[in-house]
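Visitor: Sequence first, predicted coordinates after that:
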Amino acid sequence: MSYRKIIVPYQDQIFEAEIESHKLLAVVNNKLDLPPIDNLEVEARSALLHTIGSKPISKRVSFHSKVAILVDDYTRPTPAQRLAPLIIEELIAAGVKERNVFFVYATGQHPANIELAKEKIGKDLADRFEIVVHNPKAFDDLVFLGFTSSGTPVWVNKAIERANFIIGIGGIRPNFSPGWSGGCKIVMPGISGWETINFTHTKVMAGDKVTSEGVEDTPVRRDIEEIGDMAGLDFILNVVWNRSGQICGVVAGDPHKAWQKGLEISKKSFVYRLPRRAEIVVLGSGQTEYISEAIITAMKGYNITTENGTIIVVAPCTKGWGKEEIPALEKNWYKSFPSEELMQLTASEIVWKAQKREFDPVRNMNVPYGMKLTIEKRHVIIVSHVVSPEKLRKYGVDHAVNLEEALRKAYIKQGEDAQTIVVPDNFRYIFKVD
C-alpha cells in the first residue's frame, strides 16, 4: 500500500499527514497565472479601436451627443484615472462638446464623497468635468424604470436621463454576489437605489449555495444584465484581472458581448477544474488570524465536497472571532459584520430577517448566510493549536490540534474509503467540478 505525504503551511511552520494514494483525489497546485499586459494605455486604445459587438465610440456619437461616463468606486482597483482620458479623447475627436460630458461615481451601497470621486477619476478630469456622486438613499435623485422580469423594482440615478449615450468603466474578476464583476454591474449596484440593491441581493440567499462567486448564470447577474439594458448602458471599457491582481486584458464595446469576452479571459486565470466532489476537503489558510475568516475559507470547500462532507481548514485563529477595527468611512457600511450574534441564527433565520429588511444593507448578510449554511450542511473542522474546542463548538465547528487528528475525525465520519482533495494554500481559484 502506497502513501502520499500532504503538506499544509501553518504560520511559520508546516503541518504534515500521510494519506493512502488511492484516497487522494487531487492536490491543487499554484498553476502559472496569465501574464500582465505591458502597457495599459496601448491595450486600452486597441480595445477602443477593435470593439466587440459594437462600433467604436467615435462612430456612435456626434456633436449632438450628451454623454455620461460611469466609473466604479474606491473599493475597486480599476485605474479609471488612466482609462477615462482615453474615452474623453475619443469623444472630443468625434465632436462631442466637453460641457456635454459628465461623470457618475458609481458607489453602489458603499460610502463615498466627492474627494474619493476626484481621486478615482484623476485631478485633471475632475477639474474639467462635472462629477455626480451617487447616493443610493437620496430618493429625490433616483428615477424608477419599472421591474425586471423577475420582479425587482429598478431605481437608478436620474442623472443618466441627461445623457443619450452612457459609457461604463469597470473591471472583471470573480465576485461574491453576482458571480463575476464588470459589464452592467456598473449600473446595478453601481448607480442603483438602495431598495433595488437590497432586493437583488436577497436572491444570493436563494437555494443551496453559500456563494455565487465564479458562477456565470445567477439570479443576481440576470438582474444586472436586464437593469443595464433598462438604464440604457451603451458601451463599456473593462479591464480584466488575473489572480495576482494584475491587469491581463482590456475589452471594450457592447456591455454584454464585450463583458463575455473579458469573462473568458478571466476564467483562464481563475477557474481550476477538479474531477469530481470529494467527501473530504483540506484547505490551507495558515496565516488566518480570526475564526470568522477561517469559516469564510471553509465556504470555498462547500461546492467541492459531497453532501454532509467534511471541510478541514488549517488556520491558527490567534485573535479570536473577528476584526473589530473598522475604518471610519465604512462604519455605516460594515457595522459589526460579521458578528458573533449572527452565528446564533440559522441560515434560514438570516434569510427570513433579510427579507423583512431587518438588516441594512441586506447584502451584508450574504456572507453570514454562507457561513451558517456551510456549518449546517458540512462537517467543518478548524485545525489550530490556539483556539479551544469549546470556543469553536459555540459556532457549530469541530476542532483538531493538528492535521493528522483532523483527518482521523474526517475518516470516522466519512468512512475509510472517503476521497480527499487538498488545497494547501489560498491560490484564489474558482473551483469547477467536471
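Guide: Done, it's in. Numbering: from 1, shown residues only.

Visitor: tell me the domain ranges of this protein?
Guide: 3-30+275-433, 40-270 (automatic domain parsing).

Visitor: which of these sits most buried?
Guide: Highest mean neighbour count among the domains of the chain (mean count of other CB atoms under 10 Å): domain 40-270, with a mean of 20. No exception for glycine: its C-beta is placed from N, CA and C like everyone else's.

Visitor: Off-centre distance for it?
Guide: Distance of domain 40-270 from the chain centroid (CA atoms, centre = their mean, to the nearest Å) equals 15 Å.

Visitor: Please apply the same query to stretch 385-401.
Guide: In terms of CA atoms, centre = their mean, the centre of stretch 385-401 is set 29 Å apart from its chain centre.

Visitor: contact partners of it?
Guide: Contacts of stretch 385-401 from elsewhere in the structure, counted by CB atoms under 8 Å, 6 or more residues apart in numbering, are 291, 295, 312, 316-318, 340, 343, 375-376, 379-384, 402, 406, 409.

Visitor: Send me that stretch as PDB with only the CA atoms.
Guide: Only the C-alpha atoms of stretch 385-401 are listed here, as PDB (Å, rounded to 0.1, in the frame of the first residue of the first chain):
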ATOM      1  CA  HIS A 385      -3.200  25.000  18.400                       C
ATOM      2  CA  VAL A 386      -4.700  28.100  19.900                       C
ATOM      3  CA  VAL A 387      -8.500  28.000  19.800                       C
ATOM      4  CA  SER A 388     -10.200  25.800  22.300                       C
ATOM      5  CA  PRO A 389     -12.700  23.100  21.200                       C
ATOM      6  CA  GLU A 390     -15.400  24.800  23.400                       C
ATOM      7  CA  LYS A 391     -15.000  28.100  21.600                       C
ATOM      8  CA  LEU A 392     -15.400  26.500  18.200                       C
ATOM      9  CA  ARG A 393     -18.300  24.300  19.400                       C
ATOM     10  CA  LYS A 394     -20.200  27.500  20.100                       C
ATOM     11  CA  TYR A 395     -20.200  28.200  16.400                       C
ATOM     12  CA  GLY A 396     -21.000  24.600  15.400                       C
ATOM     13  CA  VAL A 397     -17.400  23.900  14.300                       C
ATOM     14  CA  ASP A 398     -15.200  21.000  15.300                       C
ATOM     15  CA  HIS A 399     -11.600  21.300  16.400                       C
ATOM     16  CA  ALA A 400      -8.300  19.500  15.900                       C
ATOM     17  CA  VAL A 401      -4.800  20.300  17.100                       C
END
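
Visitor: returning to what we had before: just checking, which of the contacts of stretch 385-401 belong to helices?
Guide: 291, 295, 375-376, 406, 409 (DSSP state H).

Visitor: Could you single out the nearest of the residues you listed to Asn364?
Guide: Ile295 (15.8 Å; CB to CB).

Visitor: Arg378 is in contact with the closest one, correct?
Guide: No: taking contacts as CB atoms under 8 Å, Ile295 lies outside contact range of Arg378: 10.7 Å.

Visitor: Would you map the helices across the stretch 1-150 of the chain?
Guide: For the stretch 1-150 of the chain, the helices defined by DSSP state H, counting those that start in this stretch cover 40-49, 80-93, 114-121, 123-128.

Visitor: Export these as CSV, with columns for distance to Ala252.
Guide: Below are the helices of the stretch 1-150 of the chain laid out as CSV (distance: least, CB to CB, whole Å):
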stretch, distance to Ala252
helix 40-49, 4
helix 80-93, 9
helix 114-121, 18
helix 123-128, 18
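
Visitor: What is the least confident helix or strand in the chain?
Guide: Ranked by mean pLDDT, DSSP states H and E, the helix or strand of the chain with the weakest confidence is helix 331-334, at a mean of 47.

Visitor: Can you pull the phi and psi angles for Leu345?
Guide: Per-residue torsions, Leu345: phi -90, psi 160 (degrees, to the nearest 10).

Visitor: What distance do you get for it to Val401?
Guide: For Leu345, the distance to Val401 equals 29 Å [CB to CB, to the nearest Å].

Visitor: same question, Asp124
Guide: Taking CB to CB, one finds Asp124 at 58 Å from Val401.

Visitor: Select the longest strand from this protein.
Guide: strand 305-314 (DSSP state E).

Visitor: Averaged pLDDT, that strand. What do you get?
Guide: Strand 305-314 comes out with an average pLDDT of 97.

Visitor: Just the element for the nearest residue to Ser149 once chain neighbours are set aside, please.
Guide: Spatially, and ignoring its direct neighbours in sequence, Ser149 is nearest to Glu226 (6.4 Å; CB to CB, 6 or more residues apart in numbering). Glu226 is part of helix 219-231 when elements are defined by DSSP states H and E.

Visitor: Could you point out the helix or strand that follows that helix?
Guide: strand 235-241.

Visitor: any idea of the angle that next one forms with helix 219-231?
Guide: Calculated by axes from the mean of the first three to the mean of the last three CA atoms, to 10 degrees, strand 235-241 forms an angle of 150 degrees with helix 219-231.

Visitor: Which is the succeeding secondary structure element to strand 235-241?
Guide: strand 247-253.

Visitor: what residues does that following strand touch?
Guide: Looking at strand 247-253 with CB under 8 Å, 6+ apart, the contacting residues turn out to be 33-37, 40, 43-44, 46-48, 51-54, 79, 171-172, 235-242, 258-259, 261-262, 265-266, 269.

Visitor: I figured Asp72 hits Gly171, correct?
Guide: Yes: applying CB under 8 Å as the test, Asp72 and Gly171 come out as touching, 7.1 Å apart.

Visitor: joint contacts of those two?
Guide: Common neighbours of Asp72 and Gly171, using CB under 8 Å, 6+ apart, are Thr78.

Visitor: need the helices of the stretch 1-150 of the chain in TSV with mean pLDDT and distance to Gly286, can you?
Guide: Listed next are the helices of the stretch 1-150 of the chain as TSV, based on pLDDT from 0 to 100; distance: least, CB to CB, whole Å:
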stretch	mean pLDDT	distance to Gly286
helix 40-49	98	34
helix 80-93	98	35
helix 114-121	96	34
helix 123-128	96	42
